[in-house]
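> What follows is a predicted protein model with its sequence.
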Amino acid sequence: MKIVVVGGGASGMTAAITAAKKGAKVTVLEHRDRVGKKILSTGNGRCNFTNLHMSADCFRGASPEFITGVLSQFSEEDTLRFFEELGILAKEKNGCIYPYSEQASAVLDVLRFQMEQLGVAVRTEEQISNIFCKENFVVKTNHGSYDGDRLILACGGQAARSTGSDGSGYVLAKAFGHNVIRPVPALVQLCAKDLMFPGVAGVRCDGQVTLYVDGEPVASDRGELQLTEYGISGIPVFQVSRFAAKALALKRQVFASLNFLPDFSEQRLYYYFLQRAVNQSWKTMEQFLTGIFPKKLAVMLLKKVGLSVMTKAEACPASSWKGLADVVLDYRMPITDTKGFDSAQVCAGGVDTREVDEHTLESRLVKNLYFAGELLDVDGICGGYNLQWAWSSGYVSGFHAAEE
Ligand SMILES: Cc1cc2nc3c(=O)[nH]c(=O)nc-3n(C[C@H](O)[C@H](O)[C@H](O)COP(=O)(O)OP(=O)(O)OC[C@H]3O[C@@H](n4cnc5c(N)ncnc54)[C@H](O)[C@@H]3O)c2cc1C
């Protein structure tokens, strides 16, 4: 069995290894000068390559059945076993799994070593000009042509394009008649229209972000928020960003609400402020908020409710405490854009999974054509889920493609 894998990323290399282990003669065609470039930047260079808390609701896009159909064939435990066999000693932090060396390059290296050992032919700088499909597949490139009984498309999406995934996989999928659900950036920073923001840039604080589309809450997450000159960032913002990107693409109204003290109810915070004002009545408002919020954030919150930083706490009317509590718990801003594909970690959207068999990842439209990885309309939340999708779908496509 001859298999051509287009794309030498996380999913393509896993597909190649799996198929080669089953005896297939595998060629990986990569258009960049090296394989697996994106893996190097994962997890801030440490590669969070899976997560012990795995379930279908950590993924979006495709139906839960499609996702579990794939994950059940290659779970997080299989991932741990797979990489252990390749030589990665893993370590865990809050469910997230990293290589013990905390070097993403180690994950890429062991995949490369294994491909070499199995005799996978890795061809880099291959620019695909055409793919013909008659009895078998013939892939024409700048260097010649490669034929395979089976073809696996594993080209990624178009996030972080400098790492190689430039969206050309969508073009190849469309050429085979597949529908591509419009990709948008996900796990990405959000741009907000808020005049207060330049002054507060650089602040990091715990909080909760809730995203509203046309006035309805659609997603929420809690953790470390980062306020920047253009808007908001941090893991909780990444987690809700795909919903913002999808809604913005449809020209819907999006705003975010930040809660800087999510453990307080509105009433509790109001009374807390009143009581604190009794004990600390002599303080200016800026001094009053010291110990609760970073200084820049305190100044921004006071400005938002029209209070001077120099106002004495004892001079604040009850309505101002109420206003301050409101702003602290529900700081709203219109979201105007995302920071785009080049800043995004993944894409939401991709090859419509209704056209792909969830047990084999074979196309329902073209026999012997398979898909793997982010090219499919599946995106995971932060925490090792996107690489797990790449390993799982790589394994499933490689395994079934190699079957006689
Ligand atoms: C900064 C950053 C940090 C991340 N951190 C994490 C993390 O810690 N944990 C996690 O789970 N996920 C993380 N991700 C997401 C994860 O890296 C991706 O989801 C995963 O790499 C997708 O794998 P893939 O094989 O589908 O695509 P890719 O890894 O993008 O690989 C696709 C490959 O195909 C090649 N290619 C594309 N088109 C063609 C073509 N036409 N011809 C030939 N070759 C082609 C590309 O050059 C590339 O090598 C991160 C992403 C980024 C950008």
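It's in. Numbers count the residues shown, from 1 in each chain.
> Close to the ligand: what parts of the stretch 1-150 of the chain are there?
6-12, 29-32, 35, 37-38, 41-43, 47-48, 128 (CB under 6 Å from any ligand atom). No exception for glycine: its C-beta is placed from N, CA and C like everyone else's.
> Just give the number of residues close to residue 339.
17 (other CB atoms under 10 Å).
> sorry, that was for residue 338
Using other CB under 10 Å, residue 338 has 24 other residues around it.
> Quick check, it in contact with residue 245.
Yes: contact criterion CB atoms under 8 Å: residue 338 and residue 245 qualify, at 5.0 Å.
> Can you pull the residues that touch both of these two?
Residues touching both residue 338 and residue 245 (CB atoms under 8 Å, 6 or more residues apart in numbering): 184, 185, 188.
> Pretty sure residue 240 is one of the things the last one touches, is it not?
No: the pair residue 188 / residue 240 is not scored as a contact, 10.4 Å apart, by CB under 8 Å.
> the more surrounded of these two?
Neighbours per residue, other CB under 10 Å: of residue 188 and residue 240, the larger number sits with residue 188, 27 against 22.
> tell me the pLDDT at the more buried one?
What the model reports as pLDDT for residue 188 is 98.
> Am I right that it is in a strand?
No: going by DSSP: H, G, I helix; E, B strand; the rest coil, the assignment for residue 188 is coil, not a strand.
> For the nearest residue to it once chain neighbours are set aside, what are phi and psi?
Take residue 188 and drop its neighbours on the chain: the residue closest to it by CB to CB, 6 or more residues apart in numbering is residue 344, 3.9 Å away. Dihedral pair for residue 344: phi -80, psi 150, per degrees, to the nearest 10.
> Can you show me the strands along the stretch 301-404 of the chain?
331-338, 346-351, 369-371, 378-380 (DSSP state E, counting those that start in this stretch).
> Output those strands in JSON lines; the columns should cover distance to residue 180 and mean pLDDT.
Shown next, in JSON lines, are the strands of the stretch 301-404 of the chain (distance: least, CB to CB, whole Å; pLDDT from 0 to 100):
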{"stretch": "strand 331-338", "distance to residue 180": "19", "mean pLDDT": "96"}
{"stretch": "strand 346-351", "distance to residue 180": "6", "mean pLDDT": "98"}
{"stretch": "strand 369-371", "distance to residue 180": "11", "mean pLDDT": "98"}
{"stretch": "strand 378-380", "distance to residue 180": "13", "mean pLDDT": "97"}
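> Please work out which helix or strand belonging to the chain has the smallest mean pLDDT.
The weakest-scoring helix or strand in the chain, judged by mean pLDDT, DSSP states H and E, is helix 197-200 (a mean of 83).
> What is the burial count for whatever residue of the stretch 251-400 of the chain ends up closest to the ligand?
Closest contact between the stretch 251-400 of the chain and the ligand, by CB to the nearest ligand atom, is at residue 373 (2.2 Å). For residue 373, the neighbour count with other CB under 10 Å is 32.
> which one is it nearest to, not counting chain neighbours?
Nearest to residue 373 is residue 11, by CB to CB, 6+ apart, at 2.9 Å.
> hmm, back to that, which residues outside the least confident helix or strand of the chain are in contact with it?
Helix 197-200 is contacted by residues 227, 228, 229, 230, 231, 296, 297, 299, 300, 333 when judged by CB under 8 Å, 6+ apart.
> For the residues you listed, please prepare CSV with the additional fields distance to the ligand, neighbour count and secondary structure.
Shown next, in CSV, are those (distance: CB to the nearest ligand atom, whole Å; neighbours: other CB atoms under 10 Å; DSSP: H, G, I helix; E, B strand; the rest coil):
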residue, distance to the ligand, neighbour count, secondary structure
227, 21, 28, strand
228, 17, 20, coil
229, 21, 10, coil
230, 18, 17, coil
231, 18, 24, strand
296, 27, 16, helix
297, 27, 24, helix
299, 32, 18, helix
300, 29, 20, helix
333, 25, 20, strand
